[in-house]
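K.L.:
My questions are about this predicted structure, shown below with the sequence.
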Amino acid sequence: MSSFRKALKSRQRNHHERSQPEFRKHLGLLEKKKDYKQRANDYHKKKNTLLAFRKKALEKNPDEFYYNMINSQLQDGVHLSKKQKDDEPEVTEEQKSVMTTQDIKYVEMKRVAEARKIERLKGSLHLLDAVSKQKNKHTFFVDSKKEVQSFDLANHLNTVPELLDRVYNRPTVATLMNERILGAVEPRSQKKLSKLRKHEYKLLAQRIDRERKLFVISQKLQTRKDLQDKSKKIKVKKETPNAPAIYKFETKRKR
């Protein structure tokens with residue numbers, strides 16, 4: 001029992017390393033074991049690095065060669081690679097024009113594909129919830145002014161007044177009286193359909209933005225192609241992220 005009492009953690013005192021004695025204060029802080037370990041590890045790491053470099057230098061092959069020896073030079077202590085002009089491909093103005101034309105055709109192809117997807121999405125969604133206010137107007141014609149005053153829109157459309165603001169899914173009174181249809185439309189399914197419709201509109205907005213960006217890229221590529229012409233030109237407007245630069249070219253007489 002006495003041995004257990006001696007080993008009990010609660011009865012043991014915390015170990016504190018002694019501080020620097022008063023007569024040695026001028027020497028600075030007293031080095032602890034953790035400081036010594038950090039200094040020793042750093043010393044051994046540097047020593048091992050030097051030994052590895054010395055071994056690599058002793059075992060180096062004097063006849064070793066690699067192309068970077070002649071393709072680079074030392075400037076201000078930094079290795080810089082020399083540009084090999086002979087290796088650079090020479091491209092004529094005609095080849096540049098053809099390559100730019102191919103780029104324009106590719107971007108235009110992607111833009112047309114994106115526009116077709118947008119049209120299909122618009123056709124499936126009918127843009128029912130795109131805007132809060134209705135752009136189209138539904139006009140009803142009557143025979144006299146008296147009928148205008150007594151005109152009942154809900155009765156004319158054969159629906160309830162609560163559904164008059166809807167531009168889609170406006171069932172008639174006969175449809176609402178059908179219990180089978182009322183039972184099929186549950187609040188949970190309505191919420192799911194609303195969430196799906198919101199996702200489709202978000203996807204449509206992303207595709208419209210992508211098609212607009214592709215159109216801007218196509219315009220910028222066409223401008224760069226036109227700038228390859230040797231005729232005089234004046235910059236009218238600078239290039240922006242949403243529009244290409246505008247140049248005014250000198251008019252030429254066609255042969």
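P.N.:
Okay, I see it. What you see is a predicted model; the values in this text were computed from it and never measured.
K.L.:
Tell me how many other residues crowd S218.
P.N.:
Neighbours of S218 under the rule other CB atoms under 10 Å: 19. (C-beta placed from N, C-alpha, C; glycine too.)
K.L.:
Tell me the spacing between it and D103.
P.N.:
From S218 over to D103 the distance is 9 Å, taken as CB to CB, to the nearest Å.
K.L.:
In the stretch 1-150 of the chain, what residue spans correspond to strands?
P.N.:
With strands called from DSSP state E, counting those that start in this stretch, the stretch 1-150 of the chain shows them at 72-75, 78-81.
K.L.:
now these as CSV including distance to D35?
P.N.:
Supplementary listing: the strands of the stretch 1-150 of the chain in CSV, determined by distance: least, CB to CB, whole Å:
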stretch, distance to D35
strand 72-75, 40
strand 78-81, 37
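K.L.:
and E147, how far is that from L157?
P.N.:
According to CB to CB, E147 and L157 sit 16 Å apart.
K.L.:
between the two, who's got more neighbours?
P.N.:
Ranked by neighbour count (other CB under 10 Å), E147 and L157 place L157 first, with 16 against 11.
K.L.:
Now for the closest residue to A245 other than its chain neighbours: which residues touch it?
P.N.:
Leaving aside its sequence neighbours, A245 sits nearest to E239 (CB to CB, 6 or more residues apart in numbering; 3.9 Å). Counting by CB atoms under 8 Å, 6 or more residues apart in numbering, E239 touches 220, 223, 245.
K.L.:
List only buried entries from those.
P.N.:
K220 (16 or more other CB atoms under 10 Å).
K.L.:
Rebuild the strands of the stretch 1-150 of the chain as JSON lines, extending it with mean pLDDT.
P.N.:
Shown next, in JSON lines, are the strands of the stretch 1-150 of the chain (pLDDT from 0 to 100):
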{"stretch": "strand 72-75", "mean pLDDT": "84"}
{"stretch": "strand 78-81", "mean pLDDT": "81"}
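K.L.:
Now do the same contact list for L30.
P.N.:
Contacts for L30 were tallied using CB under 8 Å, 6+ apart; they are 17-20, 24.
K.L.:
That'll do, ta.
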